[in-house]
Structure formats: C-alpha cells, structure tokens
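Undergrad: Pasting the sequence and the predicted model now:
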Amino acid sequence: MPLTLGVIADDYTGASDLANTLSKEGVRTVQTIGVPDAALALPDADAVVVSLKSRSIPADEAVALSLAAYAWLKGRGASHILFKVCSTFDSTDDGNIGPVTDALRIATGAAIVPVTPAFPETGRTVYMGHLFVGDVPLNESPLKDHPLNPMTDSDLARVLARQSAGRVGLVPLKDVAAGADAVSARLEKLALEGRTAAIVDAVFDRDLEAVGVAAAALPLSTGASGLGLGLARALVADGRVLRQQSDGAALAAGIGGYAAVVAGSCSKATLEQIAIAEGQMPVLRLSAERLVTHPEAEVTAALDWAKARLASGPVLIAASGAPEQVAEVQARFGRHAAGVAIEHGTAAISEGLVAAGVRRLVLAGGETSGASVDRLKIPAFLVGPEIAPGVPLLRTEGQPGEAMVLALKSGNFGGPDFFAKALGMMGVG
Ligand SMILES: Nc1ncnc2c1ncn2[C@@H]1O[C@H](COP(=O)(O)OP(=O)(O)O)[C@@H](O)[C@H]1O
Ligand SMILES: O=C(O)[C@@H](O)C(=O)COP(=O)(O)O
C-alpha cells in the first residue's frame, strides 16, 4: 500500500515525538533510522518517519541526506512531505532549517512552504511570527543556553530568512483563526509576491487543524509535532488515512533484561529530571572533561560502575552539565568538538550497557540519542504508547537478535519524574 505521509526528521528524538503524535491520531506509523535499506522489511504503515541526524551538521550534508530521504519516501508514494524540525526551531544562522526547506521545495515543486514549530501541548506557540516557549519568547527561554545552537531571536521570519535563499512571509493568527481557506488564500498571495516560505502563527490545536488542512493540499510543509497533529487530522478527515489505534500495551510485552538511562542533554528539564532520579536509582555523573581528554578510561570506568549495579535495578549515567559547566568545557575544547566527543562517549556507554544485558534503555537528548541509536545499529522502531507529551515508548524493529524497548527523550520534554515513569512503562520496578 502506498504511503500517505512521508516525514523527514532532523533528529531521532524529534522523529519519535512526531511519530508519537501521528500514532495518537490513529495514523499507522513506523520510524526508521536513516533512509531504509532496500532489504529492510517494514510493516504496513500510512506514515514513515525517516530519522536523520542532520540538525547540527554542515548545511550541504543536511540537504543531501534530506533529498535522499525524500527520494525514498516519494518512491513509496508519499503524497505530502513534512520536514520535522524542533519545536524550539533549533538551528544556527548557517542552517539547517532554511537550506533543507529550500532544497525540498525545489524537489517537490512547491511554490511556497508553510513553516510552523508550534506545539501547544508542550507550550510552544507562535504569534506574529514570534515563537514563545511557555510564557516567554524563545530568546528568553532556556534555549538561549543550548550547548550546540543557542537561540537568541524569537522572530522566526527573521531567523529563517537568515538561513534561506528565498523570501519569508507570515500567515498571521487572524487568517489562521478564519480557517483553512483563509490560510490557503494567504499562502497563495505570499507565493505570488515571490515568498518561498511563510511562518504560520498557531496558538491552539484548533489553529493547527486549520493549518493542517491547508498544508495537506500542498506538497511540502516544515514544522514540529503540532503541524503533525494538524496534518494527521486533515488526512483522516479527507479519507486519505483510515484511523486505526495501535495496540500500545503489547509493545513492551516479553522484553526483560536490565534497564538503564543515559543522558547527554543539558536542558533545564533534563537537569531537573536527573536530580530527581538521584533519589530513585544509582546515578553516575560523568566528567565531561575526561570524556574529551581520556574517553576510553572514562567509558570503561562508567561501565564497570554500571555492571556492579545492573542486577539490582536500573542505573542512570549522565554527562549533562549546567550552563556554567558547559561553557567551561566549550571554552577549553570548542563547542562542536566537545559536543561530538561527549556524544561518542555516551554512545560507547550505551553500547557497553547493551553488551552487558540492558534491553530497556532511556536516552535523554536529541544528539545524544542519535549517536547512541547509530552505535546500536537499530534500523527502525515500532511506536508505542506515550510516556509524556512528545515521548513514546519504542520497540526495535528489523534488528537481528533480541528486541529492545527504548525511549528517546528530547532534552526539554517530560515532567520531573520522567525517568522513573519511563522505566515503569517498560515494566521495570
Ligand atoms: N557537560 C557537558 N558539557 C558540554 N557539552 C555537553 C555536556 N554534556 C553533554 N554535552 C553535549 O551537549 C549536547 C546536548 O545536545 P542534545 O543531546 O541534543 O540535547 P537536547 O535534546 O537537550 O538538545 C550534546 O552534543 C552533548 O554531547
Ligand atoms: O519538536 C521538539 O521539540 C522535539 O521533537 C525535538 O526535536 C527536540 O529536540 P532535542 O531537544 O534536541 O531532542
């Protein structure tokens, strides 16, 4: 059966967030890691979310990967492509949201691309083109301290214009509130003016429903899980997708083995979750500096520490640091080099944990999850029940050997008790 919706996600946690939204809306969804091999047998699905690790790489590489994902999805008949980006628009002035959106627009033949990172369920709203995170503009939110892409401007039309070859317009809330036809009319007008992308305001889910109907009539859109919700509802309403609820409860059934959490996110939410977990399970705080200077020794020491404890219950290993600690490490080793070295370290720890018998694994942080999932060579996931908004339970698919259950947590997502909750839903405890 041909696909209806093809999604290209710029990181793995973001992909599982989007897959979670689609699945909750009754769209049968599979998440793949990278562009699937021809040999990978995938279950029947209405949507495939191809997870890339393209958020923080050079723009030309992100474009090439995204175009390869597009070719695969188009080959399977996808009638609409969503480029999934972060709900906090994580990117730098060099990209990659602008360059990838530009390249996909040309490939799909779209005249204009609606762009909105709004995700009201997690407090991301867009008004007059400005992104709010909770009750503050993006540039006043904890995202101003992100280790890889500090966000210092809440005006998304301006942010996107700096990254894009085209001109960027705005579909204001008054059009969105007037409904899908008004959104389509505004997009058409902007396209006639020569705009190639438009930031679309959205504050409530009902706004995203209107945007979803307008977007589903176009070949391409760019956004986060809120737009996923709008598209899913539109595709079910127009009959392109037959609503089906997945049997989430069965997903983790039969998967035992040790359990662990590996964290590399330095977001405020993750730092708080780690602090709470200290009262619930053994927690090892890695030295970020040693992960850069003596990675093998630091990884071995962490694995020895874990192996002595795994039989007694779950453990948590974290590289994560507060903004001052991150700044210190970055000043010594450079932002990119430090991030990559620490991701390699946490990925080696994830690999060692699985070799030691861990089959239930929670990963915190987008880049962190990406590096670990790559190291574990997981080709795809089935999407299970929601642990917290934006974070589903995932079961490995297509991997030789025993299946595993994972959660890939975006740094900013989840309540204070997230780790215990995720492990509980994996049947631990
Ligand atoms: N103590 C630390 N100092 C500096 N960088 C760190 C530290 N701990 C983790 N990092 C890096 O910070 C980045 C966090 O990004 P990511 O995993 O995507 O988290 P998030 O989901 O919060 O964006 C990763 O590159 C990670 O390796
Ligand atoms: O849209 C979102 O906020 C998430 O799906 C996401 O992409 C978050 O990125 P990370 O915090 O890097 O995991």
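TA: That came through, no problem. Ligands and ions are numbered 1, 2, ... in the order given.
Undergrad: Tell me how far stretch 134-153 lies from the chain's centre.
TA: Mean-position distance between stretch 134-153 and its chain equals 17 Å (C-alpha atoms, centre = their mean, to the nearest Å).
Undergrad: For that stretch, give the distance from the opening residue to the closing one.
TA: End-to-end distance of stretch 134-153 (C-alpha to C-alpha, to the nearest Å): 16 Å.
Undergrad: swap in stretch 277-290?
TA: Per C-alpha to C-alpha, stretch 277-290 runs 23 Å from first to last residue.
Undergrad: residues making contact with it?
TA: 261, 274, 297-298, 302, 305-306, 309, 313-319, 321, 325-326, 329, 332, 338, 342, 345-346, 349, 419-420 (C-beta atoms under 8 Å, 6 or more residues apart in numbering). C-beta: built from backbone N, CA, C; applies to glycine.
Undergrad: Counting neighbours, which bits of it end up buried?
TA: Applying a neighbour-count criterion of 16 or more other C-beta atoms under 10 Å, one finds 277, 281-283, 286-289 buried in stretch 277-290.
Undergrad: what sits against whatever residue of the stretch 201-350 of the chain ends up closest to ligand 2?
TA: Here the stretch 201-350 of the chain gets closest to ligand 2 at one residue, residue 224, 4.0 Å apart by C-beta to the nearest ligand atom. Applying C-beta under 8 Å, 6+ apart to residue 224 gives the contacts 14, 17-18, 84-87, 116-119, 124.
Undergrad: let's go with 10 Å and repeat that
TA: Counting by C-beta atoms under 10 Å, 6 or more residues apart in numbering, residue 224 touches 9, 14, 17-18, 21, 82, 84-89, 116-119, 122, 124, 208, 390.
Undergrad: Same check on residue 217?
TA: Counting by C-beta under 10 Å, 6+ apart, residue 217 has contacts 80, 180, 183-184, 187, 234, 238.
Undergrad: Repeat the analysis, applying 7 Å as the threshold.
TA: By C-beta atoms under 7 Å, 6 or more residues apart in numbering, the residues touching residue 217 are residue 184.
Undergrad: Export the helix or strand hosting residue 386 to PDB, keeping only CA atoms.
TA: With secondary structure defined by DSSP states H and E, residue 386 is part of strand 380-388. Extracted C-alpha coordinates of strand 380-388, given in PDB (Å, rounded to 0.1, in the frame of the first residue of the first chain):
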ATOM      1  CA  ALA A 380      13.700   1.100  12.800                       C
ATOM      2  CA  PHE A 381      11.200   1.400  15.600                       C
ATOM      3  CA  LEU A 382       7.500   0.500  16.200                       C
ATOM      4  CA  VAL A 383       5.800   3.300  18.000                       C
ATOM      5  CA  GLY A 384       4.000   2.500  21.300                       C
ATOM      6  CA  PRO A 385       2.100   4.400  24.000                       C
ATOM      7  CA  GLU A 386       3.000   7.900  25.100                       C
ATOM      8  CA  ILE A 387       5.200   8.300  28.200                       C
ATOM      9  CA  ALA A 388       5.000  12.100  28.200                       C
END
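Undergrad: what residues does the stretch 151-300 of the chain put near ligand 2?
TA: With C-beta under 6 Å from any ligand atom as the criterion, the stretch 151-300 of the chain meets ligand 2 at residues 224-225.
Undergrad: Strands of the stretch 151-300 of the chain, residue ranges please.
TA: In the stretch 151-300 of the chain, the strands defined using DSSP state E, counting those that start in this stretch lie at 167-171, 195-200, 220-223, 258-263, 283-285.
Undergrad: so which of those strands comes closest to ligand 1?
TA: strand 258-263 (8.2 Å).
Undergrad: and the closest one, what's its mean pLDDT?
TA: Average pLDDT, strand 258-263: 98.
Undergrad: Next: stretch 329-348.
TA: Per-residue scores along stretch 329-348 average to 96.
Undergrad: Alright, I will stop here.
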